[in-house]
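# This is the structure alone, sequence omitted:
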Ligand SMILES: [Zn+2]
């Protein structure tokens with residue numbers, strides 16, 4: 001069933017204009033992602049118009065490492081106006097991370113709340129950016145971009161405001177999943193897609209983060225609800241503070257930890273970064289300053305950041321709910337901290353973690369990096385228990401199979417995966433393509 005078509009172009013080569021031949025339908029070229037998790041970029045061409053889905057930075061690239069833009073004509077310099085725009089499926093670096101290198105005149109489309117989140121993150125982290133999009137993705141509201149009609153489907157993923165994309169042109173339909181799962185706080189959206197699939201689908205570009213990654217791994221099988229329940233249990237069992245380490249941009253996890261706090265009878269304490277993001281999204285359902293039993297602690301590095309920038313108005317948000325190390329140490333048994341890993345030394349110094357425990361609620365792979373090893377050593381040498389408790393942002397193979405069955409695509413093409421060669425074992429009508437190759 002697999003046809004590995006011959007690669008006509010090599011990824012990273014000069015822009016290839018062979019896409020301009022007279023033809024019907026949609027031509028597709030995966031620039032990155034055919035055999036890689038992260039750094040996704042797909043170029044589509046129809047009737048002389050081109051559209052790009054995601055311009056991600058590869059996960060292997062370091063924070064300050066410069067990775068060249070994919071070879072999409074007009075992306076870097078806007079010299080080729082047949083490029084109609086770039087659609088960013090969700091606000092994760094491996095999907096938008098190279099967009100700052102694109103010419104600022106190239107039209108960008110992304111969710112409105114994703115835009116607010118990335119803008120608010122810019123002050124705190126290099127994983128933030130002021131995008132100024134030309135249009136916003138809205139759930140099931142079609143957008144006309146060049147020769148393409150793009151219908152976004154709001155989706156369940158660890159990034160906030162994530163979309164799968166149905167792209168139609170010249171009578172053909174391609175469905176790009178983006179990054180998806182069905183076991184997060186918005187699992188209803190995944191089930192909705194299964195019960196009301198946008199069929200017929202000619203081509204399904206299906207993410208496969210967990211394909212070939214040992215689907216039985218504990219992380220792949222756990223849901224946000226599982227994490228909520230186990231955190232609740234730990235809050236009841238721990239004598240001192242429970243410190244949960246997660247990504248500030250993982251809003252689902254913020255909601256999970258807050259809900260666990262309600263059940264476990266604890267006060268949630270986040271940093272200013274998390275509080276600012278939750279506030280910036282502007283949704284009253286997301287825990288933020290002003291919510292009952294929600295307080296904010298400013299880690300030393302964020303205190304210095306505010307001081308150096310002189311942007312003291314940022315403190316207005318937390319004026320009523322700010323707490324200090326002495327208060328935390330005094331109320332350790334009543335709080336759950338949702339703070340970055342870098343705060344561990346200062347929390348230990350102020351005695352906040354005495355009789356407490358630390359929960360790693362992120363991808364366990366980060367723990368293999370030097371900073372992860374240092375954190376584990378620091379906690380162990382101070383006698384603080386260190387526990388893993390996480391749910392993946394990506395669907396296990398069983399859920400991907402349910403999706404493929406519902407969408408019944410004529411052809412299913414792997415993306416965002418290291419297991420492309422294994423798709424045949426799990427799905428029908430699989431067709432693999434290499435990075436850089438144009439196909440119809
Ligand atoms: Zn991704």
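Done, it's in. Model, not experiment: these values are computed from the prediction.
# make it CA atoms for all contacts and neighbour counts henceforth
Will do.
# which stretches of the stretch 251-400 of the chain aren't confidently modelled?
Low-confidence segments of the stretch 251-400 of the chain (pLDDT under 70): none present.
# ok, now with 90
For the stretch 251-400 of the chain, the stretches with pLDDT under 90 are 363-366.
# where along it do the strands fall?
Using DSSP state E, counting those that start in this stretch, the strands of the stretch 251-400 of the chain run over residues 267-270, 294-297, 322-323, 335-338, 357-360, 386-388.
# Next, count neighbours for residue 123.
Residues within reach of residue 123, counting by other Cα atoms under 10 Å, total 18.
# Please tell me how far residue 406 sits from residue 394.
Taking Cα to Cα, to the nearest Å as the measure, residue 406 falls 18 Å from residue 394.
# Which one's more surrounded, these two?
A count of neighbours by other Cα under 10 Å puts residue 394 above the other of residue 406 and residue 394, at 23 against 16.
# Help me confirm that the more buried one comes into contact with residue 155.
No - using Cα atoms under 8 Å, residue 394 is not in contact with residue 155; the gap is 11.2 Å.
# Quickly list what's touching both of those two.
Taking Cα atoms under 8 Å, 6 or more residues apart in numbering as the contact rule, residue 394 and residue 155 both touch 180, 181.
# Hmm, residue 272 and residue 295 touching each other?
No - counting by Cα under 8 Å, residue 295 does not reach residue 272; the two are 9.8 Å apart.
# Now do the shared contacts for the two.
By the contact definition Cα under 8 Å, 6+ apart, residue 295 and residue 272 are jointly contacted by residue 318.
# Which residue ranges of the stretch 1-150 of the chain form helices?
Using DSSP state H, counting those that start in this stretch, the helices found in the stretch 1-150 of the chain span residues 93-96, 112-121.
# between these, which one is nearest to residue 222?
Among these, helix 93-96 comes nearest to residue 222, with 22.9 Å by Cα to Cα.
# Burial check on residue 79, number of neighbours?
Using other Cα under 10 Å, residue 79 has 11 other residues around it.
# any idea how far residue 100 is from it?
Separation of residue 79 from residue 100 (Cα to Cα) stands at 17 Å.
# same question, residue 160
In terms of Cα to Cα, residue 160 sits 20 Å off from residue 100.
# the more surrounded of those two?
Set side by side, residue 160 and residue 100 show more neighbours around residue 160, with 21 against 14, by other Cα under 10 Å.
# what helix or strand is the more buried one on?
Per DSSP states H and E: residue 160 is located in neither a helix nor a strand.
# what does the one 5 residues further on give?
With elements taken from DSSP H and E, the one containing residue 165 is strand 162-169.
# Note down every partner strand of that strand and its orientation.
strand 148-155 (antiparallel), strand 172-176 (antiparallel) (DSSP bridges).
# Report the contact partners of the closest residue to residue 113 other than its chain neighbours.
In space, and not counting its chain neighbours, residue 113 is closest to residue 281: 5.4 Å by Cα to Cα, 6 or more residues apart in numbering. By Cα under 8 Å, 6+ apart, the contact set of residue 281 is 113, 114, 116, 117.
# Same check on residue 177?
The neighbours of residue 177, taking Cα under 8 Å, 6+ apart as the test, are 163, 164, 165, 204, 205, 206, 207.
# Might you report the residue contacts of the first one?
By Cα under 8 Å, 6+ apart, the contact set of residue 163 is 89, 90, 137, 139, 152, 153, 154, 155, 177, 178, 179.
# Leaving out the residues flanking it, which one is nearest to residue 119?
Excluding the flanking residues, the one nearest residue 119 by Cα to Cα, 6+ apart is residue 130, at 4.7 Å.
# Kindly apply the preceding question to residue 144 instead.
Among residues not flanking residue 144 along the chain, residue 150 sits closest, at 6.4 Å (Cα to Cα, 6+ apart).
# Could you give the bridge partners of that neighbour?
On the basis of DSSP bridges, residue 150 is bridged to residue 143, residue 167.
# right, and it touches residue 166 too?
Yes - in this structure residue 150 lies within contact range of residue 166 using Cα under 8 Å: 5.6 Å.
# ok, residue 204 - contacts?
By Cα under 8 Å, 6+ apart, the contact list for residue 204 reads 174, 175, 176, 177, 409, 411, 412, 413.
# what's the most distant pair in these?
Farthest-apart pair in those is 177 and 411; separation 13.9 Å (Cα to Cα).
# By neighbour count, which of the contacts of residue 177 wins?
Highest neighbour count within the contacts of residue 177: residue 163, with 29 neighbours (other Cα under 10 Å).
# I'd like to know how far that residue sits from residue 112.
Residue 163 is 12 Å from residue 112, where distance means Cα to Cα.
# Check residue 414 too.
For residue 414, the distance to residue 112 (Cα to Cα) stands at 28 Å.
# Compare the two and say which is more crowded by neighbours.
residue 414 (27 against 16).
# Just say helix, strand or coil for that one.
Secondary structure, DSSP: H, G, I helix; E, B strand; the rest coil: residue 414 is strand.
# Make sure it is actually in contact with residue 210.
No - the criterion here is Cα under 8 Å, and residue 414 misses it with residue 210 at 11.8 Å.
# Not counting residues beside it along the chain, what's closest to residue 312?
Counting by Cα to Cα, 6+ apart, residue 312 lies nearest to residue 306, which is 6.2 Å off, once chain neighbours are set aside.
# does residue 192 belong to a helix or a strand, and which?
According to DSSP H and E, residue 192 maps onto helix 187-195.
# How about that helix, which residues are buried there?
For helix 187-195, a neighbour-count test (16 or more other Cα atoms under 10 Å) marks 187, 189, 190, 191, 193, 194 as buried.
# cool, stretch 169-180 as well?
Within stretch 169-180, the residues scored as buried using 16+ other Cα under 10 Å are 169, 173, 174, 175, 176, 177, 178, 179, 180.
# Before I go, just wanted to say thanks for your time.
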